[in-house]
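Undergrad: sequence and computational prediction follow.
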Amino acid sequence: MTQSASSPVIYQAIGLMSGTSLDGVDITCCTFTEDSNIWIYKILNATTIPYSNEWKGRLKSLSTATAAELTVTNYLYGEYLGRLAKDFTAAHGFAPDFIASHGHTIFHQPESKLCLQVGSGAALAAASGFPVICDFRSLDIALGGQGAPLVPAGDKLLFPQHTFCLNLGGIANISAEKNGERLAYDICVCNIALNFLAEELGHAYDAGGEIARSGKVNQPLLLTLNAAGYYTAPAPKSLGREWVEKWVLQPLAESGISVEDKLCTVCHHVAQQIAEAVKAGLQGTTTQKATLLATGGGAFNSFLIELIGFYLDRKVAIVLPDAEVINFKEALIFAFLGVLRWRKEVNCLK
């Protein structure tokens, strides 16, 4: 944290994020400055460290692990994150005020008050040598929120020019101002299913959505996916991998159609649900020129973006920022939530 007599405080932070798609650990070196109640951010450096097969398998298996295995992995994963952060800051000559770490979600069942991210803050701090702010979701759950998504405070203060902020990560989520409040919730599955299907063809992901584009929509499967009861439940609401496995991955496995057709159908399903969420968000508002900021790995899926525009009847402008913001917006926002906590300000809008 730096400040001169004539300039505002500059907060220096590291943001760490691991999403449900298990691509790897996103790391950002960021600065944040507040001037006249306006926040300005800069991403100085950012990268994604892919998970080894060992770490990917270990994190995937934790939902059925013993208490001892879960506890040990929580510590070891915190150490791992700490080493990544230490190496990254040293490589870029960056001395953060703190590290803000999301950890990796193992359980997310907010109706049962069950929400757990591994990545021990103590182990992370010891391995990195920097103060650590973590366990962001627990307070939101304790206050009666869903614990996810947690980005609305950051969306509100860092991206206020956009009507909607859409994250196309493992799960698609959205946030927007409505009736003087910031509403945020999970819409539907996204990259968890798309990457899972692409892997069946030997690809880490469907680049540009070209495999999906080559397929055909399977109407019975589309109807099954759209019939999940979650979609008629009121917001705020959130999804976990457990829900995805039951209501998305299982119907996909039972459909008996080609992977190409599965990918195409899932893209239509995701686009339809997103369009419904945006249209619902516009009801009762006087917004004339609505914008939808799209970030997360799914924003690189041109086929999916085209379908979202199609189902929105081209009435909302879809904004694709630069690749750095697309890839690292969540890590950026968790760094910012750390800043708010550092300042002893509210950093979750349940």
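TA: Looks like it arrived, so ask away.

Undergrad: quick one: the helices in the stretch 151-300 of the chain?
TA: Assigned by DSSP state H, counting those that start in this stretch, the stretch 151-300 of the chain shows helices spanning 152-158, 191-200, 210-214, 219-226, 241-244, 250-254, 259-282.

Undergrad: may I see these arranged in a markdown table, with mean neighbour count as well?
TA: Just so you know, the C-beta spots here come from the backbone N, C-alpha and C atoms, and that holds for glycine as well. Output for the helices of the stretch 151-300 of the chain, formatted as a markdown table (neighbours: other Cβ atoms under 10 Å):
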| stretch | mean neighbour count |
| --- | --- |
| helix 152-158 | 22 |
| helix 191-200 | 21 |
| helix 210-214 | 19 |
| helix 219-226 | 16 |
| helix 241-244 | 18 |
| helix 250-254 | 14 |
| helix 259-282 | 22 |
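
Undergrad: just send the ones you listed back as a markdown table, with distance to A290 too.
TA: Shown next, in a markdown table, are the helices of the stretch 151-300 of the chain (distance: least, Cβ to Cβ, whole Å):
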| stretch | distance to A290 |
| --- | --- |
| helix 152-158 | 15 |
| helix 191-200 | 24 |
| helix 210-214 | 26 |
| helix 219-226 | 24 |
| helix 241-244 | 28 |
| helix 250-254 | 32 |
| helix 259-282 | 6 |
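
Undergrad: return the residues in contact with the residue nearest to H104 when sequence neighbours are not counted.
TA: Residue nearest to H104 in three dimensions, not counting chain neighbours: S18, with 4.1 Å by Cβ to Cβ, 6 or more residues apart in numbering. For S18, the contacting residues are 24-26, 59, 102-105, 119, by Cβ atoms under 8 Å, 6 or more residues apart in numbering.

Undergrad: which of those residues has the weakest pLDDT?
TA: Checking pLDDT across the contacts of S18, the minimum falls on T105 at 85.

Undergrad: that one and F164, how far apart?
TA: 23 Å (Cβ to Cβ, to the nearest Å).

Undergrad: same deal with G170?
TA: Going from G170 to F164 by Cβ to Cβ gives 19 Å.

Undergrad: same check on N45?
TA: 28 Å.

Undergrad: neighbour count winner among the two?
TA: Neighbours of N45 and F164, each counted by other Cβ atoms under 10 Å, are more numerous for F164; the result is 24 against 17.
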